[in-house]
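Asks: return atomic coordinates for the entry below.
(one chain, ligands or ions: 1)
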Amino acid sequence: MSDSTLDVQATGLDEAALLARIQAPEGEGREIPDAATREIIGRAPVDGVAALDDAIARAKAAQPAWEALGHDERSALLLKAADAIDANAEGLARLLSREQGKPLGGPNARFELGACGAWLRTAATTPLEPEVIVDDGQVHAELHYRAVGVVGAIGPWNWPLMIAIWQIAPSLRMGNTVVVKPSEFTPLSVLALLSVMNDVLPPDVLIGISGDREVGARLASHPDIDKVMFTGSTATGRRIIEASAGNLARLTLELGGNDAGIVLPGTDPQAIAQDLFWGAFINTGQTCAALKRLYVHDSIYDEVVDALAGVAEQMPMGNGLDEGNVLGPLQNRQQFDIVSRLVDDARAHGGRVVTGGAPASELGELFYPITLVADVADGMAIVDEEQFGPALPIIRYSDVEDAIASANRLDVGLGASVWGDQDAARAVAARIQAGTVWINSHGGVHPMIPFGGVKGSGYGLEFGVEGLKSVAVPQVVSGPGRR
Ligand code: TXE
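Replies: Sure thing, here's the model as predicted:
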């Protein structure tokens, strides 16, 4: 690392300087549009399988020395990488905002960069000591956690930087090297993030490969990949499980879901409306653990719908670079079409569109307004399928047993939430099949609180001590007892 690199980091690279570092040469690569304006931002390299194989070979060669540095040195380097991200946060946030669509302000692009620093620092500093399992005088057995080897990190387009860090930070901390394959929808911001981190990390411990789906498939099945961290769709998750039959790679799979929220009788609609809104619509609804179907008790149903509509009307949507906007476009055409189809289908089947309900074309090609659909029921596509966008079905119930059964009837279980009296809500939470059940909030994550799904939402835990263990292999060291 040169002194000039340090100077640049202190002042921070702007969006253009970040792009210049990572984009494909003129005439090469794939053009990446601004999600809001559809103007071309830059050209992402499109690496093929040969480049991937080379990257994995380099990561494999670099791994033993990285592991041998030991926890303290690796942690110090990861803390420096977090500082480098902070120093470049504004440029990264602007690039992210354009490529992904999320606004700079609100719980969006700047917030995502803040989360990158927080998760990286927590992974760098959380202790993971060997556990003494038996120490009875006869036997002294300890459980240690060793590096796995080379981790393949495959990410989605919705929170591309934060999720990349969720995969990278614990992996590097535990002494693994990492090959990252960003989503083909959001490669530029991820490559820029890696570039900034690589200003302070040794060569080849963190390598980005910007390729298409076949590169993802090759990464998952490569014989020298020891662990795959994946966040994406259930369909791709199944393919990765199949691939692991070949290389026996360990897997952490976060496969999204269709999170239910249950509002109990006696709850004050106004008091929860703002938190319900952000639980459902953070990142314009494009969030794995967002509230995706809301079950409200009959006694307060109309008031909750009205209160949510009231909050929705106050939330500005538009180009993410315009300060003040807190909602943006759908990231891509495919997701826009899913949301449009589900809302149209709900309306055709008797759903009542309370607000929104048709594309906000005046804002741009991929904008869809916040849409609340009332008087819908289980079995309708908008309830049963993951919308992953700004449309929320609100279902009426009269018996809480029915609401619990509804929450559990789908084959996914990432998150869920219960709203109302704490004790009553905790009793309901215990009966819900989901990796996390939030009480009076939805979707909040914390770098020390384990996060993962059940059923079709995948397996394996991220974050905190459990997250460190998940990117390590346990090793038992057992010997004669020590007196
Ligand atoms: O995900 P994919 P996509 C949901 C959301 C969305 C749907 C599809 O409902 O509509 O998934 O989104 C790489 N082996 N979520 O198409 O296809 C691919 O290149 C290994 C939920 O983005 O799963 C990309 O980098 N990798 C989700 C990554 O997998 C492969 C967030 C994800 O792609 C591969 C995003 C293969 N065979 C969308 N094929 C969440 N959990 O939050 C593709 N890839």
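
Asks: residue 233 contacts residue 257, correct?
Replies: No: Residue 233 lies out of contact with residue 257 (Cβ atoms under 8 Å); the separation is 11.0 Å. C-betas here are computed from N, CA, C, even on glycine.

Asks: neighbour count: the two, which is higher?
Replies: Neighbour totals were compared for residue 233 and residue 257, and residue 257 leads with 27 against 14 (other Cβ atoms under 10 Å).

Asks: the residue nearest to that one when sequence neighbours are not counted: neighbour count?
Replies: Distances taken as Cβ to Cβ, 6 or more residues apart in numbering place residue 414 nearest to residue 257, at 3.1 Å, with adjacent residues excluded. Residues lying near residue 414 (other Cβ under 10 Å) number 27.

Asks: helices of the stretch 201-350 of the chain, start to end?
Replies: For the stretch 201-350 of the chain, the helices defined by DSSP state H, counting those that start in this stretch occupy 213-221, 234-247, 269-281, 301-313, 333-348.

Asks: packing partners for the first one?
Replies: To tie it back to what came earlier, the one meant is helix 213-221. In this structure, helix 213-221 packs against helix 49-68, strand 150-154, strand 177-181, strand 227-231, helix 234-247, with contacts taken as 3 or more Cβ pairs under 8 Å, 6 or more residues apart in numbering; DSSP states H and E.

Asks: check contacts around the nearest residue to residue 63 once chain neighbours are set aside.
Replies: The spatial neighbour of residue 63 that comes closest, neighbours along the chain excluded (Cβ to Cβ, 6+ apart), is residue 177 at 4.4 Å. Listed by Cβ atoms under 8 Å, 6 or more residues apart in numbering, the contact set of residue 177 reads 59-60, 62-63, 66, 149-151, 171, 204-207.

Asks: ok, the residues you listed vs residue 193, which is closest?
Replies: Proximity of these to residue 193 (Cβ to Cβ) peaks at residue 206, which lies at 9.9 Å.

Asks: tell me, how many residues neighbour the closest one?
Replies: Applying other Cβ under 10 Å, we find 25 residues neighbouring residue 206.

Asks: that one touches residue 172, doesn't it?
Replies: Yes: using Cβ under 8 Å, residue 206 is in contact with residue 172, at 6.7 Å.

Asks: need the residues touching each of the two.
Replies: Counting by Cβ under 8 Å, 6+ apart, the residues touching both residue 206 and residue 172 are residue 178.

Asks: list the buried ones in stretch 354-368?
Replies: 354, 355, 356, 357, 359, 360, 363, 364, 366, 367, 368 (16 or more other Cβ atoms under 10 Å).

Asks: middle-most residue in this structure, spatially?
Replies: residue 163 (4.2 Å; Cα atoms, centre = their mean).

Asks: the inter-axis angle of the helix or strand containing it versus helix 49-68?
Replies: Per DSSP states H and E, residue 163 falls inside helix 160-173. Counting by axes from the mean of the first three to the mean of the last three Cα atoms, to 10 degrees, helix 160-173 lies at 50 degrees to helix 49-68.

Asks: mean confidence score for helix 160-173?
Replies: For helix 160-173, mean pLDDT is 98.

Asks: so for the closest residue to residue 390 other than its chain neighbours, what's the pLDDT?
Replies: Nearest residue to residue 390 in three dimensions, chain neighbours excluded: residue 285, at 4.4 Å (Cβ to Cβ, 6+ apart). Residue 285 carries a pLDDT value of 98.

Asks: contacts only, for residue 285.
Replies: If you count contacts by Cβ under 8 Å, 6+ apart, then residue 285 has 292, 339, 387, 388, 389, 390, 391, 392 around it.

Asks: and if you look at residue 364?
Replies: 36, 37, 38, 319, 329.

Asks: most surrounded residue in the residues you listed?
Replies: residue 329 leads those on contacts (other Cβ under 10 Å) with 30 neighbours.

Asks: for that one, give its distance to residue 19.
Replies: 20 Å (Cβ to Cβ, to the nearest Å).

Asks: this protein against the ligand: which residues are in contact?
Replies: Residues of the chain lying close to the ligand (Cβ under 6 Å from any ligand atom) are 154-158, 181, 183-184, 213, 216-217, 220, 231-233, 236, 239-240, 254-256, 288, 335, 338, 386, 388.

Asks: for the helix or strand residue 404 falls within, list the C-alpha coordinates in PDB.
Replies: Element membership of residue 404, judged by DSSP H and E, is helix 400-408. Coordinates of each C-alpha in helix 400-408 appear next as PDB, following Å, rounded to 0.1, in the frame of the first residue of the first chain:
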ATOM      1  CA  VAL A 400     -55.600 -15.700  16.900                       C
ATOM      2  CA  GLU A 401     -55.300 -19.500  16.500                       C
ATOM      3  CA  ASP A 402     -56.200 -19.000  12.800                       C
ATOM      4  CA  ALA A 403     -53.600 -16.300  12.500                       C
ATOM      5  CA  ILE A 404     -50.900 -18.600  13.900                       C
ATOM      6  CA  ALA A 405     -51.900 -21.300  11.500                       C
ATOM      7  CA  SER A 406     -51.800 -18.900   8.600                       C
ATOM      8  CA  ALA A 407     -48.300 -17.700   9.600                       C
ATOM      9  CA  ASN A 408     -47.100 -21.300   9.600                       C
END
